[in-house]
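K.L.:
Pasting the sequence and the predicted coordinates here, then a few questions.
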Amino acid sequence: MAGFMRSLRVAIPVVLASSVATARADGPPPEAEWPERWEGGTSPEAQVRAATDPTDFLKFFTFEHKRYLYSKDGPGSLAWVPTGAALPIGAALPTIVFLHGLNEKGHTYPRLDGGPEDLRPALRQLVISKKIGPFLLLAPTHTRYALGAASMWPAFDLGAFLDRAEASLSGRFRVARDRVFLVGHSAGGCNPEGGILSAGGTEPAALLAVDSCLGEKTDNALEALALRRPVTFVHERHWKRDTAAFRSFCELLPTCRYVATEEIPELDLGRDPHAAVLPWALDRELPRWIPASSGSAASAGR
């Protein structure tokens, strides 16, 4: 018996080392699916589902949970396709990746949680009215230390996020990689080393920054992007930032568009312009990105 136990003590480390070596050789395993929480209909996932039209496609998934979310939060990311039930299996869709702003209260799925500021009803209406074509919306959540604008979305890797999202879709839809559009609201576009300003090795087809920060570092990051990709910057009249330097640069480039709502006197964004300017900017920009007349907007690709 003693000899058997000695052999076992020798064998276990060898087996474990072999397993670790195999895992390293094959790369890290995919992030596990997070079980949806229902808790009597009070979970964030249940609230999102309750506010989702039955013909829409909705899927929750995880992405770098330890980096962006507290352990109690999950899954944290969602994929949504308005009127998705009518689209063919395997359709390759133009894809919008949305990064929200400051999250002081630690909510999951900000601006997509079924509340009064949920963007989905307005976006869905754009598709139904054929103002834009079908699309896939992907949105991660940042709750962990999401209190400082310059530190939001650290080291966000757009390519890794798209890979993770597509894996979670299990072939129902695919990301049209040449038509990925990145949207950052407020602090979603304030970190020059993260968020929409530093999205890893994969670059979007176009970028929209709404009421995001400006300053020397942020200006430099946006300017570098605008030299390579179409960039639109929108701010509402109460957003107190020094915009002059970036605006002067932007107006010299055909790939850069600068929109200041105070120059549209007929526009009324109500009592919360910082919130209201986001759907307004999307309504203005998406028809340029995802025209309804695009015949390849939802190609099956098979």
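P.N.:
Structure received.

K.L.:
Would you map the helices across the stretch 51-200 of the chain?
P.N.:
Applying DSSP state H, counting those that start in this stretch to the stretch 51-200 of the chain gives helices spanning 65-68, 120-128, 158-169.

K.L.:
Any buried residues in the last one, and which?
P.N.:
What that stands for is helix 158-169. 158, 160-162, 164-166, 168-169 (16 or more other CB atoms under 10 Å). Bear in mind the C-beta positions are built from the backbone N, C-alpha and C, glycine included.

K.L.:
Now do the strands in the stretch 1-150 of the chain.
P.N.:
All strands of the stretch 1-150 of the chain, identified by DSSP state E, counting those that start in this stretch, fall at 57-61, 77-81, 91-99, 136-139.

K.L.:
In stretch 120-140, which residues are buried?
P.N.:
So, applying 16+ other CB under 10 Å, buried residues of stretch 120-140: 120, 123-124, 126-127, 132-140.

K.L.:
how far does stretch 231-243 stretch from start to finish?
P.N.:
End-to-end span of stretch 231-243 (CA to CA, to the nearest Å): 15 Å.

K.L.:
That stretch: which residues count as buried?
P.N.:
In stretch 231-243, counting by 16+ other CB under 10 Å, buried: 231-236, 239, 243.

K.L.:
out of the buried residues of stretch 120-140, who's nearest Thr95?
P.N.:
The nearest member of the buried residues of stretch 120-140 to Thr95, counting by CB to CB, is Leu136 at 4.6 Å.

K.L.:
Next up, the contacts around Leu207.
P.N.:
By CB atoms under 8 Å, 6 or more residues apart in numbering, Leu207 lies in contact with 181-184, 196, 225, 229-232.

K.L.:
Could you rerun that using 10 Å?
P.N.:
For Leu207, the contact set (CB atoms under 10 Å, 6 or more residues apart in numbering) comprises 97, 180-184, 189, 196-197, 199, 222, 225-226, 228-233.

K.L.:
counting residues per strand, which one in the chain is longest?
P.N.:
Longest strand of the chain, by residue count under DSSP state E: strand 173-185.

K.L.:
In PyMOL, how would I select the buried members of the contacts of Leu207?
P.N.:
PyMOL command restricting these to the buried ones, with burial defined by 16+ other CB under 10 Å:
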select buried, resi 97+180+181+182+183+184+189+196+197+199+222+225+226+229+230+231+232+233
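
K.L.:
what residue ranges in the stretch 201-302 of the chain score low on pLDDT?
P.N.:
201, 294-302 (pLDDT under 70).

K.L.:
the helices in it, which residues?
P.N.:
Taking DSSP H, counting those that start in this stretch, the helices of the stretch 201-302 of the chain run over residues 216-226, 244-250, 273-289.

K.L.:
how much space between the residue nearest to Arg177 when sequence neighbours are not counted and Thr62?
P.N.:
Excluding its sequence neighbours, the residue lying closest to Arg177 (CB to CB, 6 or more residues apart in numbering) is Leu162, at 7.2 Å. For Leu162, the distance to Thr62 equals 14 Å [CB to CB, to the nearest Å].

K.L.:
And Arg284, by the same measure?
P.N.:
Distance from Arg284 to Thr62, by CB to CB: 32 Å.

K.L.:
Compare the two (neighbour count), which wins?
P.N.:
Ranked by neighbour count (other CB atoms under 10 Å), Arg284 and Thr62 place Thr62 first, with 21 against 14.
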